[in-house]
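Q: Pasted the sequence and its predicted model underneath.
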Amino acid sequence: MNKNGKISASMMCSSFDKLSDTIRLFEEENIDYLHIDVMDGNFVTNIGYGTSYVEFIRSVTDIPLDIHLMITNPKDKLPWFGLQPSDIVSLHVESDKDIKTAVERVKSYGCKCTVAINPVTPVNVLEEIYLTADGVNILHVTPGFAGQKAVEGTMEKTGTVIDRINELKLTDYIIETDGNITFERAKILREMGANMFVAGSSSIFKGDISQYRENIRKLRESIM
Ligand code: DX5
Ligand code: ZN
């Protein structure tokens, strides 16, 4: 990870009628990743952005994908996504009893694999996986929907995880935060050591497409 924080644009916040214009704008603004929230209606109480959406996005842009799998049994479904070495795949620690094998299987595609953790899940479950994964994705909201408010205590929880990552001397480790990442929260999280920010309705998608460039500039400033 280079010194500046990376922006992972939450594509579930992009209206379908503006999708192509939004992707073009993101290419011009050098957005680092497109965050795809894959939801199966089972692991989370929403359904959306499945394999055909991922395939379509790949066909229209070269921006790397940050694929957030909110699905049950993710390791058995990896072949459905046409994974590329430029992808980051985020697997929920709650979604697979054998998370180590799941992470290793993602990495066998040449991708980076982060482990996502829900707000209610205690951080000690990450102990078994820190050394195998390429990073973490700390959810500040109960996953599945944009526009929510961060769960109480997620900022402190992020600090605890970052302290542990530093203790383990895991350098070049992806520390992503996802959910209600406002400009203000992003700044604090950056100062704590987070280096990748899921940018949704709380930041770059505020207002309409005419405001996105200014929003991106503001977020960039917060995560320098
Ligand atoms: C939550 C999703 C996010 C995010 C959207 O499940 O993973 O993409 O919350 O951004 P906000 O929270 O800012 O609308
Ligand atoms: Zn997400």
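A: Now that the structure is in, tell me what you want to look at. Numbering: from 1, shown residues only. Ligands and ions are numbered 1, 2, ... in the order given.
Q: mind checking the SS state of residue 67?
A: In terms of secondary structure, residue 67 is strand; the call rests on DSSP: H, G, I helix; E, B strand; the rest coil.
Q: you'd agree it is up against residue 90?
A: Yes. Between residue 67 and residue 90 there is a contact at 6.7 Å, judged by C-beta atoms under 8 Å. Bear in mind the C-beta positions are built from the backbone N, C-alpha and C, glycine included.
Q: Counting neighbours, go ahead and name the busier of these two.
A: A count of neighbours by other C-beta atoms under 10 Å puts residue 90 above the other of residue 67 and residue 90, at 30 against 25.
Q: Tell me what that one is bridged to.
A: Following DSSP bridges, residue 90 is listed with bridge partners residue 68, residue 114.
Q: Now do the same contact list for whichever residue of the chain sits closest to ligand 2.
A: Closest contact between the chain and ligand 2, by C-beta to the ion, is at residue 68 (3.6 Å). With C-beta atoms under 8 Å, 6 or more residues apart in numbering as the criterion, the residues that contact residue 68 are 35-38, 90, 116, 137, 143, 178, 198.
Q: Recalculate using a threshold of 10 Å.
A: The neighbours of residue 68, taking C-beta atoms under 10 Å, 6 or more residues apart in numbering as the test, are 8, 10, 12, 35-39, 49, 88-92, 114, 116, 137, 139, 143, 176, 178, 198.
Q: Repeat that for residue 192.
A: The neighbourhood of residue 192, defined by C-beta under 10 Å, 6+ apart, consists of 155-156, 158-159, 161-163, 175, 177.
Q: in this protein, which spans are helices?
A: Assignment of helices within the chain using DSSP state H yields the ranges 19-28, 51-60, 74-77, 99-107, 154-167, 183-192, 212-222.
Q: Tell me the most packed of the contacts of residue 192, by neighbour count.
A: Each of the contacts of residue 192 was scored for neighbours by other C-beta under 10 Å, and residue 177 scores highest at 28 neighbours.
Q: Next up, the contacts around that residue.
A: Neighbouring residues of residue 177 by C-beta under 10 Å, 6+ apart: 5, 8, 136-140, 150, 154-155, 158, 161, 185-186, 189-190, 192, 194-198.
Q: Can you pull the phi and psi angles for whichever residue of the chain sits closest to ligand 1?
A: Taking C-beta to the nearest ligand atom as the measure, the chain has residue 200 as its residue closest to ligand 1, at 2.0 Å. Recorded main-chain torsions at residue 200 are phi -130, psi -140, according to degrees, to the nearest 10.
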